[in-house]
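Colleague: Give me the fold of what follows.
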Amino acid sequence: MGIELDILRLFDTNLRGFYTISTIAQKLGKAYPYINRKVHSLINLGVLRSVQVGKSHCCTLNVRNRRAVLYLTELELEKRSHLPETIQTLTKQLEHDGVLAIETAFYANNRVYVLGKGSYPGTTTITADQFKDLMLTASIFKEHTVLYGYERFFAHLASIQSDLDRTYNPLVIA
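Modeller: Reported below is the predicted structural model:
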């Protein structure tokens, strides 16, 4: 699953992004035929969505796909190990305390956001509507790390995927 994770890592740094297969090959420094096969495999699995424009396939991430969520969770776990110690300590506290009150928590813009009930020192508590507003207006996609509730983070993202497509993708993919 090496090169596939590298492909998804491109989308992880821009969850609203879309790339042609040529662009993916260039960004990864790999041969087009090899990347073409791997991208089509991800499309066939439903991990990526695609629309053909002329001879090009424009791809975007399908956060409604369970396999995509699993791959993205793996990437989030990888990123988590590189966070500052204070954030890692807070993450352990959220994991311990948050089972009942927290849906998800993520780190972006040097801030920890908690979607759920209650408040935690050093965090910003948000509602589902505020989550949507953040995703539609803020530039948090390049530097984000999910700390807790991976599946719920991506479920909330999936619930607004159509809004993200309408707002950010010049080619809305059904």
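Colleague: Spell out which residues make up each domain of this structure.
Modeller: The record assigns the chain these domain ranges, following automatic domain parsing: 2-63, 66-165.
Colleague: Adding mean neighbour count and mean pLDDT, write those out as TSV.
Modeller: Heads up, the C-betas are built off the backbone N, CA and C, glycines and all. Below are those laid out as TSV (neighbours: other Cβ atoms under 10 Å; pLDDT from 0 to 100):
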stretch	mean neighbour count	mean pLDDT
domain 2-63	17	91
domain 66-165	16	82
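Colleague: How much space separates residue 2 from residue 34?
Modeller: 12 Å (Cβ to Cβ, to the nearest Å).
Colleague: Please enumerate the helices of this protein.
Modeller: Using DSSP state H, the helices of the chain run over residues 2-12, 21-28, 32-45, 66-80, 85-97, 128-137, 150-159, 161-168.
Colleague: of all those helices, which lies closest to residue 104?
Modeller: For the helices of the chain, proximity to residue 104 was assessed by Cβ to Cβ; helix 150-159 is nearest, at 4.1 Å.
Colleague: I'd like to check the angle between the closest one and helix 66-80, please.
Modeller: 120 degrees (axes from the mean of the first three to the mean of the last three Cα atoms, to 10 degrees).
Colleague: what angle do helix 150-159 and helix 128-137 make?
Modeller: Going by the same axes, to 10 degrees, helix 150-159 makes 70 degrees with helix 128-137.
Colleague: quick one on the thing from earlier: kindly present the helices of the chain as CSV, with separate columns for distance to residue 57.
Modeller: Listed next are the helices of the chain as CSV, based on distance: least, Cβ to Cβ, whole Å:
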stretch, distance to residue 57
helix 2-12, 13
helix 21-28, 5
helix 32-45, 7
helix 66-80, 17
helix 85-97, 37
helix 128-137, 25
helix 150-159, 22
helix 161-168, 16
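Colleague: Identify the residues contacting residue 57.
Modeller: 20-21, 39, 43, 50-51 (Cβ atoms under 8 Å, 6 or more residues apart in numbering).
Colleague: Mind doing that once more with 7 Å?
Modeller: Residue 57 makes contact with 20-21, 50, according to Cβ atoms under 7 Å, 6 or more residues apart in numbering.
Colleague: State the distance from residue 36 to residue 65.
Modeller: 20 Å.
Colleague: whoops, residue 146 was the one
Modeller: Counting by Cβ to Cβ, the gap from residue 146 to residue 65 is 17 Å.
Colleague: What of residue 155?
Modeller: Distance from residue 155 to residue 65, by Cβ to Cβ: 12 Å.
Colleague: now swap in residue 30 and tell me
Modeller: 23 Å.
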